[in-house]
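Enquirer: pasted the sequence and its predicted model underneath.
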Amino acid sequence: MRRLITTIAILTFVLGISAQLSNPVHFSAQLRTENGVDAEIIFTAKIDAGWHVYSTELGNNGPISATFNAVKMDGVETIGKLQARGKEIKQFDKLFEMELRYFEQAATFVQKVRFTKPDYDIDCYLEYGACNDQACLPPSEAAFKQKGKSPTVKEKTEKAEDVTDQVTPVPSLSGEDTDTAAIMPPLQTVSSDSLWSPVVEELRAMGGNDAIADHSLLYILLMGFIGGLLAVCMPCIWPIIPMTVSFFLKRAKSDKKKGIRDAFTYGISIIVIYLGLGLLVTALFGSDTLNAMSTNAVFNIFLFLLLVVFALSFFGWFEIKLPESWANSVDTKATETSGLISIFLMAFTLVLVSFSCTAPIIGLLLVETTTSGNWLAPALGMLGFAVALALPFTLFAMFPSWLKQAPKSGSWMNTLKIVLGFIELAFALKFFSVADLAYGWHLLDREVFLSLWIVIFALLGAYLCGWLKFQTDEIGGNLHKPMPVACIMGGLVSLAFAVYMIPGLWGAPCKAVSAFAPPMNTQDFNLNTKTVEAKYTDYDEGMAAAKALGKPVLIDFTGYGCVNCRKMEAAVWTDPTVADMLTDDFVLISLYVDDKTPLAEPLEVTTSQDETKILRTVGAKWSWLQSQKFGANAQPFYVMLDNNGKPLSASRAYDEDVNGYINFLKQGLLKYQQ
């Protein structure tokens, strides 16, 4: 159990997949007839040096296996399983603890099929995984689509055999250049009229509110700093501070400045180590991958379970520890060396020894930053954490007299751990909610979410007031000891917060939790009839309705997992003036970019880099619309359009200024009337 928990915790540090800055695998596909009614769909890959593509049937515990996936197989059926051909390499992988099979330089995957009708329509794709020695790509696809006459009815057309033997190169989703004259018959394509025409330049000329990025990064830096301060107060770190500072001061009795300089170097080393961790995550994650992962069900459920594990460790059920040999080995190296290297190794020893206390805090921090969609977020978050963690070591070394005034280690540290456990348990529900919303499971609707939060914060209040005890309180001698006044006051605040959320079970806005709770439209029992909800969640339908009604359009690019979107809906849209304008003067269209509902037919689109991309979900369609037409990819994103799809004013992002939002709406309405 402990080994499994340790493995999960370590995965938090290294979880990631390579940014899509390169295209190492280039696929083409063709349909080749054999004899009579049998044929083969052949996927051929050219693989860049240093990369490899995994073979078929590697098992659930290994990397991404190559698999054949049918979107539509009309008039044709598959025979047997997908076959891998080429020079297959077998090698035991220590990370996965299994023998892996993969291809380098080139690979061929073949799926045998049989024609069953005179006409056939094939729409399929190969899903594959690719890695090099440093990183892996997310699951990627090579698509194939073709229709024609089956060889079983040659008498109906003299060209049937030519059609079935035709080689049709497929545009690779990894960005391979292809001959446009030989591209497969097109999939369903998006509308080409003015409604979908880009208006990026018009919006840039109008200006806009894009302050959200800087605000978010500053918030992440601050969040990391607060996390570092909390980590300092953990029982694994606080008792070490006076010992470490005394060591540096005694090490240079004759030269006090040298002792301070060494302690300062020690603090810088801590910052370098944790910042390096943040940069590693930043390098492994790409912005497109972050946006995709932030609503991926498997990823969010993994984060949910991970935070639950961390919460239970803070409650004292078990302790997350790295192997003691790691810390002992680094400590020995620090003793044997001297100079800056020894100080750096001492800082690294602190990181290893304090892992049981800092892992849940770092885990929560990295979870929040990696799902923010901003590629700088993990590095900034870890920078704030490291600065706060290194600060006391440096300050106490510069001012040793402060150590006498610092609080002593005691039961207050255990209390802090329990409180953090409750907070992590509450945050864990947010990630399960994201997966639940994106896939429409309806397991954690708003009233269920609020009920769980009410229980969690009521129990937290009971603990801080001394009515609830944990096993670690008994070990620490705090079982029958009355709680301090500060804890009781905090407990009353937590109980009050739980009571505040109770009306939300009947539809009260509860603005304080709107950023975390599911949207109001998931509530089954709602007495609040003054909520603002979009009547249209389809762009073309909403635009057609607006033209018929003679009203301007407000496009709301949002997401089920978008925290700032929920804040805007609770803080701005609930204002009576805003609500009336959105209801009476505009046609409101909300487009969820993380909606995982499959499209009736996949869409084939061309990106601004002239690459072909296939959209398979509703969310992918709206995400492409936002980036292609408006040149943006962050949510929330608001833009007003006339009935021809042209912008009426500058776009607007996250900003809880109600008056500013009203002026924004009035400006667009006035322009439409003119």
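Expert: Done, it's in.
Enquirer: going forward, measure contacts between C-alpha atoms and count neighbours the same way
Expert: Fine.
Enquirer: is it true that Leu599 touches Thr617?
Expert: Yes - using C-alpha atoms under 8 Å, Leu599 is in contact with Thr617, at 5.1 Å.
Enquirer: these two: who's more crowded?
Expert: Thr617 (20 against 14; other C-alpha atoms under 10 Å).
Enquirer: isn't that one right next to Tyr592, touching?
Expert: No - at 10.8 Å, Thr617 does not count as touching Tyr592 under the criterion of C-alpha under 8 Å.
Enquirer: show the pLDDT at Leu389.
Expert: With respect to pLDDT, Leu389 scores 79.
Enquirer: spell out which helix or strand contains it, please.
Expert: Element membership of Leu389 [criterion: DSSP states H and E] is helix 377-398.
Enquirer: packing partners of that helix?
Expert: Judged by 3 or more C-alpha pairs under 8 Å, 6 or more residues apart in numbering; DSSP states H and E, the packing partners of helix 377-398 are helix 212-232, helix 240-251, helix 256-284, helix 355-370.
Enquirer: and the second one, what's its mean pLDDT?
Expert: In other words, helix 240-251. The average pLDDT within helix 240-251 is 65.
Enquirer: where's the residue nearest to Trp51 when sequence neighbours are not counted relative to Phe302, distance?
Expert: Excluding the flanking residues, the one nearest Trp51 by C-alpha to C-alpha, 6 or more residues apart in numbering is Asn132, at 4.5 Å. Applying C-alpha to C-alpha, to the nearest Å, the value for Asn132 to Phe302 is 24 Å.
Enquirer: could you tell me how many residues sit around Leu391?
Expert: Using other C-alpha under 10 Å, Leu391 has 18 neighbouring residues.
Enquirer: can you tell me the closest non-neighbouring residue to Phe546?
Expert: That one is not Phe; residue 546 is Ala. Ala546 sits nearest to Val587 (C-alpha to C-alpha, 6+ apart), 5.8 Å away.
Enquirer: pretty sure the one you found contacts Lys551?
Expert: Yes - if you go by C-alpha under 8 Å, Val587 and Lys551 touch, sitting 6.5 Å apart.
Enquirer: which of those two has more residues huddled nearby?
Expert: Higher neighbour count among Val587 and Lys551: Val587, with 26 against 20, using other C-alpha under 10 Å.
Enquirer: give me the pLDDT value at the more buried one.
Expert: Reported pLDDT for Val587: 92.
Enquirer: show me the contacts for it.
Expert: Listed by C-alpha atoms under 8 Å, 6 or more residues apart in numbering, the contact set of Val587 reads Ala534, Lys535, Gly542, Ala545, Ala546, Lys551, Pro552, Val553, Leu554.
Enquirer: name the SS class of the first one, please.
Expert: It stands for Ala534. Secondary structure, DSSP: H, G, I helix; E, B strand; the rest coil: Ala534 is coil.
Enquirer: what about it, neighbour count?
Expert: Using other C-alpha under 10 Å, the number of residues around Ala534 comes to 16.
Enquirer: the one 10 residues further on now?
Expert: As a burial measure, the neighbour count of Ala544 was computed by other C-alpha under 10 Å and equals 13.
Enquirer: name the element it belongs to?
Expert: With elements taken from DSSP H and E, the one containing Ala544 is helix 539-549.
Enquirer: and the angle for whatever helix or strand comes next after that helix with helix 539-549?
Expert: Per DSSP H and E, the first helix or strand lying C-terminal to helix 539-549 is strand 553-558. Strand 553-558 and helix 539-549 are oriented at 160 degrees to each other (axes from the mean of the first three to the mean of the last three C-alpha atoms, to 10 degrees).
Enquirer: domain assignment for this structure?
Expert: 1-17+212-410, 24-174, 539-673 (automatic domain parsing).
Enquirer: and those, which one averages the lowest pLDDT?
Expert: Here the lowest mean pLDDT among those goes to domain 1-17+212-410, at a mean of 65.
Enquirer: low-confidence ranges in the stretch 401-550 of the chain?
Expert: Scanning the stretch 401-550 of the chain for pLDDT under 70 picks out 401, 403-410, 438, 474-480, 515, 528-530.
Enquirer: do you know how far Tyr661 is from Thr574?
Expert: For Tyr661 relative to Thr574 (C-alpha to C-alpha), the value is 12 Å.
Enquirer: again, but for Leu429
Expert: Leu429 is 25 Å from Thr574, by C-alpha to C-alpha.
Enquirer: pick out whichever of the two has more residues nearby.
Expert: Higher neighbour count among Leu429 and Thr574: Leu429, with 23 against 18, using other C-alpha under 10 Å.
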